[in-house]
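Colleague: below are the sequence and a predicted model for it; my questions follow.
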Amino acid sequence: MLAEVAEDHAMILGAEAVERRIDALQSLDVAFFGIEEARQRAEDLNGNGLG
């Protein structure tokens, strides 16, 4: 019985760790998208003679 409980907890903790890694990667993806968006807007302004 104790082994089953420990095994269940290990599976849950493993899933939570994977979920945290996915969340971190998604956060980085959003950050890089924001940087790219800002760079593109700056290029657009410079290309329109406004910068």
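Modeller: Looks like it arrived, so ask away.
Colleague: show me where this protein has its helices.
Modeller: Applying DSSP state H to the chain gives helices spanning 2-47.
Colleague: quick check: which ranges of the protein have low pLDDT?
Modeller: The chain contains residues with pLDDT under 70 at 1-13, 48-51.
Colleague: repeat that with 90
Modeller: 1-35, 42-51 (pLDDT under 90).
Colleague: could you measure from Leu25 over to Ala17?
Modeller: From Leu25 across to Ala17, the span is 13 Å (CB to CB, to the nearest Å). Yep, even glycine has a C-beta here, placed from its N, CA and C like the rest.
Colleague: ignore what I typed, I meant Glu37.
Modeller: Using CB to CB, Glu37 is found at 31 Å from Ala17.
Colleague: check Asp29 too.
Modeller: Asp29 sits at a distance of 19 Å from Ala17 (criterion: CB to CB).
Colleague: one more: Gly47?
Modeller: 45 Å.
Colleague: try Gly34
Modeller: Counting by CB to CB - Gly34 and Ala17 are separated by 26 Å.
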